[in-house]
Every structure is written in C-alpha cells, then in structure tokens.
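>>> no sequence on hand, only this structure:
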C-alpha cells in the first residue's frame, strides 16, 4: 500500500505528461475508460458486492447501501457521462483575451491545467469516475480518496481507469486511488502542499468542515445546500405547490433540494393548506413558525432557530411566513448556504429584486432549485458545486479545473 | 477603537448596499476618492510625517522608510490610478454565457460581487487606496489591515475615502481600516468566517505564510516571486544581457524581479562575462554553480540549494549553467513560485516548449519578467498577483474580485 506522500510524488510526475498532453490523447483516454468500464462490468460488480456484503454485515442503512450499489443503470450512466465529457470543448489552451501593448509585447491570457487535483469523497463510488474524467479532460492528474465502505468498488474502478489511461499513452498515475482510508492518512493528504494544487471535498457538511479546518492546501468548498423556495404574494398557487413539492421531495438527499419554505403572509392562507395536502403524499414533516402552525394546526412541529440553519437531506421542511419580500431576502442571506434559491412570483419587479439581492450560486425565478447541476447546465458532468465565493462558484465542470496562464511574446522588451 | 467582529458586522451591513449599487454610484465614489485625496494632501502628508518620525526614532532602515513615505508623486499616482479604475468596464452583472435549456429554462451565467473582501498588507500605505477602489468598482465592501508602522497614514487615507463614499451615497463602512494592529487582532481577522468572504494578504513570504497557516476564511495567495530568466543556446547576447539586467536591477524589491539566472552551457562562456560586466554596474552579488565560478572566477559565491529557493528582493542573483532546455524547465518548475518566468531564445520550437511546460502565472519569451503587473496588463490597477492555482492566477484587478452567479428564469419548471 503506497503512502500518501509517495502517491503525491507519483501524481506530480504524471502531471508533467498529462498537463501537456494533446486534446485527442486526453479524449482517447476518456473514451477508453468508457469502453473499459463496459467490458469490466463483471469484475466491477463483483468487487462492489464485497463492499455491499460488508456494509450489510456492518448494519448500514438501506438508503446508504443503495448509494453504494453500482447497478447496471449506474454503470450505463458512467459510460454515457464519459461520452459527454469527450464531446465538451477543450478547456485547456483557450485564449480568453489578449492584447498588444504599446511596447509591442503580445500578452495572451490562456487557460492551463491546475496540475494535481485532490478529491475526498463519500460513499458513492460512481463519483470517482466522473471526477477522474473531468480531471483528464482538463489536463490534470488526480488523487482520489473515497470512504472505507466503498474501497473495493473504488479500487476496481481505479484499476480499470488506470489501464485505460495506459492504453491511451498517458501515465497510469494520472489517476490514483488512496488505498489507506484511515483518518490520519486523509489528514496528511489535506496538508500535501507542493503535491496537491487544489483539494475538493465532496460529501456532507461534516466532511467539508473537517477539510476546511485541517487543510493547508487550497480547498474549493462544495456542496452544502440549505436551499429555499419563497412564495411571493400573488404567486400562481398551482405553480408554487408544484415547485416546492418538486424541490423538497423529488430527491431529498441531494444538495439542491429545498430545506425551508418561505411564504408571504398575503398568500399564506391560500397556499399553505394546498402545500400541506401535496407534501402529505410524501409524508413530509413540517416544522413551522407560529403563523404556519395557526394556519395548518397541530401537525406542525414548532421550528427553532436551529431548524432554519439545517440541511435536513430528508423528508422534513421548515416553513416560515414572512411579512415582505425584504424579510424573505434577509432570511435567505442569513441562513442559506449560497447554493440555490428560488422565488415564485408573478411580479416582475420582485423577481428582479430577488435575483439582484440574493447571494447564491444559482438564483431561480419560477422554477425548482433542483436544476443546479453540471450536466443540466451543459458542462457534461460535475466534480462538485462550489458554494465558496470565487470565480468558480456553482457547478464545476472541466473549465473549473483550470487556472490562468499569461503567455507573453516579446522581442527584447525591458521595463 | 472598534474590535474586528464589530468591523466585520459593519462591513456585512455596508455590503448589502454596495453589492447592489449601480455602476455610476460606484464610479462616482472612486472619482470622489481621487478628488478628496487631491484636496487633503496637507492632512495626509502631515499624518504620514508622524509615521515617518516614529520609524526614524525606531531605527527603521532608509529603504523601508522610503516605502512608507507618501511623496507628492505617489499621491499623484494614486489619483491617476483612480481615473483608470473608473474607466475600466463594469466587472459586475456581465453575462458571461447563457443558454435556454430544452425545458425552456433560461440559464444565464453572470458575475456578482464577492461580498466583503479582507486585505492584510505591509508598509506601503498607497496600496490601500488602490485596493479600496478596486473593491468599490467590483461592488464589494473591504476591511483593510495595514501595519503598525503606517497606521497614521492608513487611518488618514481611510478617513478621506470614507468621506468620499458618503458623498457618493454609499455607506462609509464600505471601506474600513483596522485600527488595532496587534497580531492577535489580525489572527481573529483571519478567522472571521461569515463576515469576510475572501482574504488577500499582500506582502512578503512571512506574512503570506502566516495567513495561509492561520486563516479559516478562503485566502487568495499572492505575490511571492522567485522568478527566473533562462538564456537558451543561440540567444541574442545583447538582448539576453539587457533582459537579465532589467529583470534583476530595475526594481529588486518587487515580486516580478528575477532571482535566478539559468544559462545554457552552449552560450555560457560567451554571455556570462558580459552579464557580469553589466551587473557589476549595480553591484549585484552573484551566487553561482561550479561552472559559473569556473567561468567568472572568485567573485562568484558558491550557490547552495537554499539559494535556488530564495526570493532575495535584493541586488543578489543566483546563477546556474544548465545542460539543456529540459534541465532549465525542470529547475524552474521545482524551485520557482509560479509567478513570472522568461526564456531568451531565437529558437521557435524551444520558445513554444518553454511556454507550454513552465507552470507559472506569466511566461515570457524575449522580455523581462518585470512586466507582470495589473496596470501594465490593462486592469487599471491590481490588488495583488495571485500565484495560487485558481481561475484568478496572475495580476488581480476588479474582475478578480467577483464570483459566479447563475440567474435562472423559469415558468414553473420542475425536475
């Protein structure tokens, strides 16, 4: 088993080649991965079964075991995703802008690979293949560190990917999976300055906070999603019911699901009973403010301050009646995690004010928050959704795994 | 004296207004600052004199005192810089890309302010005015924390800027200067999550490393510049001498000055004596490899491994004779800080290989490294030069102080 420092050294060596590999070589590697996954279904499923058996023995919840399972459909999804990443335009070498200075210097701003990307992720082994392909597309080497519970699946996928890389003429070490899944090794990885250029944690708030605290390498914060839907006075009631139902119940475990519903007091009486009736079909627990309770009755659990800060990732929704659009904006900017926020309204001015005043990666008018996703937004796939304030906020595809590089052509100029 | 938490709260409040202020209001504030500095020259110079007297009493070196001094020319420079920042295009609200999805959702990728920027800087008080103006231009509030030695100058400048902001109808707290310059207060500032969105240290390696270590808010690493000039076999010898002389001696204290000269062995005998003759005029100390010493004699101090890692910021140059372009690239990528790197060559292929293989914010062919600068590159001014691998690497102007914000216009779409 390689230790993380040795893995870092190998990644740095591999980066020298993949950083300057031509687009067709990088695309061939990604196509090879798709083919190799297809051809190795038996082996991958067999290794995945070991993880699942261990998880069952360990008493893991059925929902978590489901996340762990590499079904045929999920393997199909991975293969399809590779195709989309191949089709995506070259993120490297693009000249973004350029000029010739008065002294004749030609200054061209281009995009270059980051170098070595580190990724720490939880449970879902299919995440690693998307991440690796996006890194290859953008000319980076990648060090993947998944959870202990998925180690057999992850190692199998890495083995398949490494062979595919080698067949395309790229170093196998372009993609490495950390086999030692101990906490100590993960903490060493977070401090691997000089070997890892950017570290991306992907998982729950616990993982992300642990990385932010311990890491000394630059981190791109991703994913925590305490998202809101605000129903403005005069909103289309059917639309409002559909949107909050979809945002809450279509997939409660993901980061773009809604956690709190805000309702203008002018429409609360008309809309809240209908929302309750709809959410009851999915057994959604409501935690509401006193006005919500007054309108909906005893079924509403009183919401605490803590509730408004919580990303439930479950069939639970906090509900608050607000006196104005301003109060809604204030609430969202205070309690939200700057991920995805939606207003349902018929009022043009209120829609614009919401778009302008909400501080989040994605702000929606009259649509569900569930659309915030790299594939939906046309990036092919995503390595995560950045919520930190930076030039790459939002879904991160291959373009987000690059850095600026100025090329300057001179003829002897001095300053 | 306000404590840093109170300063953070006030910045957050001010941000609510400046984040959504119209371009003309932001530009008016910057123009007001220019006028106010012009009109307050007497007061600013008087406060600056106090700092200088204290520095002289404290035995500060003449070079450092020079950095501290706000001369008439420097005040002129600040005023001129404001004009350039006003002329720069609006960094906020620009639609970078956009599309209509199959379901009719309109997804527009735009640029929004970061929110609150923190800046910790050393000695030169004029830096604070450029930084504040770039933050205002990009719709951000800013918390400035300068050094103890410049506190009177910094507070005077802040006072003038705050009045100018207020005259433009923006909150004074858009720009705040931390009065408590203790180390403890600075460390609290580095952990002011929720109040500071991005922290930018600007100064020497000591400051930057201290911030990287202690900060829990996102940091943009800036500035450390261990830059190289490589002279290829067959280079134009006069050009090579001019470029290394300029890169080393035109302003040795800045981050884009060269620290190490690499020379191809095929040209070393022809070029090194001429370089030595030229650098002797500025009394540059040479620390060389054995081959350099063999060619130039006893005046060369033997270079250690440590020398190749060092940003001297002084009239000292490390010199190494290399056997090939590849060796030069390897050396630069190992010892460099990914700031600015130059090759002097007549060979087209070698120029391209150098541009492709060097991992740095700015890579030059046949020009001095000294050009890496926000104003030179057309950004009006700069808040620092990012050397960290991220989308904002290189000189950071107003555009670098923004983040992505997706606006999504729907009509009831659910997923």
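Thanks, I have it. Here the structure is a predicted model, which is why all the values come from computation and not from measurement.

>>> what helix or strand is the residue in the stretch 151-300 of chain A that chain B sits nearest to located in?
As assessed by C-beta to the nearest C-beta, chain B sits closest to residue A:246 within the stretch 151-300 of chain A, at 3.5 Å. Where C-beta positions appear, they are placed from N, C-alpha and C, glycine not excepted. Here residue A:246, judged by DSSP states H and E, is contained in helix A:237-249.

>>> picking up where we left off before, could I get the contacting residues of the spatially closest residue to the residue of the stretch 151-300 of chain A closest to chain B that is not a sequence neighbour?
Spatial nearest neighbour of residue A:246, chain neighbours left out: residue B:414 (3.5 Å); criterion: C-beta to C-beta, 6 or more residues apart in numbering or on different chains. Residue B:414 is in contact with A:242, A:243, A:245, A:246, A:247, A:250, A:367, A:368, A:370, counting by C-beta atoms under 8 Å, 6 or more residues apart in numbering or on different chains.

>>> which phi and psi does residue A:19 have?
For residue A:19, the backbone dihedrals are phi -60, psi -30 (criterion: degrees, to the nearest 10).

>>> neighbours of it, how many?
The number of residues packed near residue A:19 is 22, by other C-beta atoms under 10 Å in any protein chain shown.

>>> thinking it is in contact with residue A:115, fair?
Yes. Assessed by C-beta atoms under 8 Å, residue A:19 is found in contact with residue A:115 at 6.5 Å.

>>> overlap in contacts of those two?
Jointly contacting residue A:19 and residue A:115 under the rule C-beta under 8 Å, 6+ apart are A:140, A:141, B:359.

>>> related to what we said a few turns ago, immediately after the helix holding residue A:246, which helix or strand?
Later in the chain than helix A:237-249, the nearest helix or strand by DSSP H and E is strand A:258-264.

>>> buried ones in the strand ranked longest in chain A?
Counting residues, the longest strand found in chain A (DSSP state E) is strand A:402-413. Buried residues in strand A:402-413, counted by 16 or more other C-beta atoms under 10 Å in any protein chain shown: A:402, A:403, A:404, A:405, A:406, A:407, A:408, A:409, A:410, A:412, A:413.

>>> before we move on, what about stretch A:4-19?
The neighbour-count check on stretch A:4-19 (16+ other C-beta under 10 Å) flags A:4, A:7, A:8, A:10, A:11, A:12, A:14, A:15, A:16, A:17, A:18, A:19 as buried.

>>> chain B contacts on the stretch 101-250 of chain A?
Selection of the stretch 101-250 of chain A residues close to chain B by C-beta under 8 Å from any C-beta of the partner chain yields A:101, A:105, A:107, A:109, A:112, A:114-115, A:197-198, A:212-213, A:216, A:218-219, A:221, A:236, A:239, A:242-243, A:245-247, A:250.

>>> can I see the domain layout of chain A?
Following automatic domain parsing, chain A resolves into domains at A:4-222+A:388-409, A:227-371.

>>> now do the contacts for the residue nearest to residue A:138 when sequence neighbours are not counted.
In space, and not counting its chain neighbours, residue A:138 is closest to residue A:401: 4.0 Å by C-beta to C-beta, 6+ apart. Each residue near residue A:401 by C-beta under 8 Å, 6+ apart is listed here: A:91, A:113, A:114, A:117, A:134, A:135, A:138, A:140, A:198, A:383.

>>> confidence score at the residue nearest to residue A:246?
Per-residue pLDDT puts residue B:414 at 95.

>>> and it, its phi and psi?
Geometry field for residue B:414 lists phi and psi as phi -130, psi 170, criterion degrees, to the nearest 10.

>>> quick check: it vs residue B:183, distance?
Residue B:414 sits 53 Å away from residue B:183, taking C-beta to C-beta, to the nearest Å as the criterion.

>>> which helix or which strand is home to the nearest residue to residue A:385 once chain neighbours are set aside?
Nearest-residue entry for residue A:385: residue A:395, 5.2 Å, with adjacent residues in sequence omitted and distances by C-beta to C-beta, 6+ apart. Using DSSP H and E, residue A:395 maps to strand A:394-396.

>>> who's in contact with that strand?
If you take C-beta under 8 Å, 6+ apart as the criterion, strand A:394-396 is touched by A:200, A:220, A:222, A:361-362, A:372-374, A:377, A:379, A:382-386, B:109, B:404-406.

>>> inside helices: which ones of those residues?
Among those, no member is found in helices (DSSP state H).

>>> how many residues are close by residue A:249?
Residues near residue A:249, counting by other C-beta under 10 Å, number 18.

>>> please look at it and residue A:282 and confirm they touch.
Yes. Assessed by C-beta under 8 Å, residue A:249 is found in contact with residue A:282 at 4.2 Å.

>>> between the two, which contacts overlap?
In contact with both residue A:249 and residue A:282: residue A:315, using C-beta under 8 Å, 6+ apart.

>>> quick one on the thing from earlier: just the angle between the helix holding residue A:246 and strand A:258-264, please?
150 degrees (axes from the mean of the first three to the mean of the last three C-alpha atoms, to 10 degrees).

>>> same for helix A:237-249, what does it pack against?
strand A:227-231, strand A:258-264, helix A:265-280, strand A:340-344, strand A:362-367, strand B:402-413 (3 or more C-beta pairs under 8 Å, 6 or more residues apart in numbering or on different chains; DSSP states H and E).
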